[in-house]
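Novice: Can you look at this prediction? I've put the sequence above it.
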Amino acid sequence: MGEARKVGVAVDYSECSRVALQWAIDNVVRKGDHLILVNVLPEGIYEDVTEMQLWAVTGSPLIPLTDLCNPHVLKKYGTKPDPETLEIVSVAAVLKEVDVLMKVFWGDPREKVCEAVDKIPLDCLIVGNRGHGKLKRVIMGSVSKHAVNHSSCPVTVVKHAHHT
């Protein structure tokens with residue numbers, strides 16, 4: 001086996017990001033890798049503004065899985081992982097024997113996801129795709145499309161199948 005890879009997954013705690021996370025664990029992550037959750041929060045007013053200001057350029061320090069259930073740590077960085085995401089990564093940490101970490105950024109998700117690739121640095125990035133229509137993509141922009149076009153590492157887009 002080679003050196004441990006840093007596999008990044010963009011997470012926003014939506015169903016499509018959980019699908020991408022599970023896909024990454026099932027298809028990309030292998031024993032000894034670092035699974036790094038990249039969480040981008042909008043700029044705004046947070047209870048602990050000093051932390052956001054301190055880490056605004058580089059993103060938060062890498063937060064270990066053990067701290068992702070600590071309310072003080074979560075409040076400090078303004079992130080709120082959902083129970084489903086925590087369950088997925090907790091199982092992966094044990095079964096796949098991977099080191100799970102999170103890095104929080106603040107700002108435009110399109111820009112910050114690409115910055116994460118270089119600042120961490122990541123060996124590959126997995127992002128979900130909500131499948132917005134053309135109008136929503138024009139108005140909101142597409143994080144996955146931006147990552148594919150601007151990232152300095154390989155990017156895999158996992159399409160989310162909508163249940164109708």
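Specialist: Structure received. Numbers count the residues shown, from 1 in each chain.

Novice: so where is the protein shaky, pLDDT-wise?
Specialist: In the predicted model, the chain carries pLDDT under 70 at residues 1-2, 45-52, 131-141, 162-164.

Novice: For it, just list every one of the strands.
Specialist: Under the criterion DSSP state E, the chain carries strands at the ranges 6-10, 34-41, 63-64, 99-106, 124-129, 155-159.

Novice: so can I have TSV of those showing mean neighbour count and distance to Val19?
Specialist: (Each C-beta comes from the backbone N, C-alpha and C, glycine too.) Putting these into TSV (neighbours: other C-beta atoms under 10 Å; distance: least, C-beta to C-beta, whole Å) gives the following:
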stretch	mean neighbour count	distance to Val19
strand 6-10	25	11
strand 34-41	24	14
strand 63-64	18	23
strand 99-106	22	18
strand 124-129	24	6
strand 155-159	18	6
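
Novice: residue contacts, Ala24?
Specialist: Residues in contact with Ala24 (C-beta atoms under 8 Å, 6 or more residues apart in numbering) are 7, 9, 35, 126, 156, 158.

Novice: quick check, nearest of these to Asp82?
Specialist: Of all these, Asp82 sits closest to Val9, with 14.3 Å by C-beta to C-beta.

Novice: Okay, and the beta partners of the closest one?
Specialist: Here Val9 sits in beta bridges with Leu37, Ile126, going by DSSP bridges.

Novice: ok now do it, which residues does it touch?
Specialist: Going by C-beta under 8 Å, 6+ apart, Val9 touches 17, 20-21, 24, 35-38, 125-127.

Novice: Return the member of the residues you listed nearest to Ser142.
Specialist: Nearest to Ser142 among these, counting by C-beta to C-beta, is Val127 at 9.6 Å.

Novice: Lys145 is in contact with the closest one, correct?
Specialist: No. If you go by C-beta atoms under 8 Å, Val127 and Lys145 don't touch, sitting 9.5 Å apart.

Novice: hang on, the earlier thing: kindly reformat the contacts of Val9 as TSV and extend each row with distance to Val91.
Specialist: As requested, the contacts of Val9 are exported to TSV (distance: C-beta to C-beta, whole Å):
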residue	distance to Val91
Ser17	16
Ala20	16
Leu21	11
Ala24	13
Leu35	12
Ile36	17
Leu37	14
Val38	20
Leu125	22
Ile126	17
Val127	21
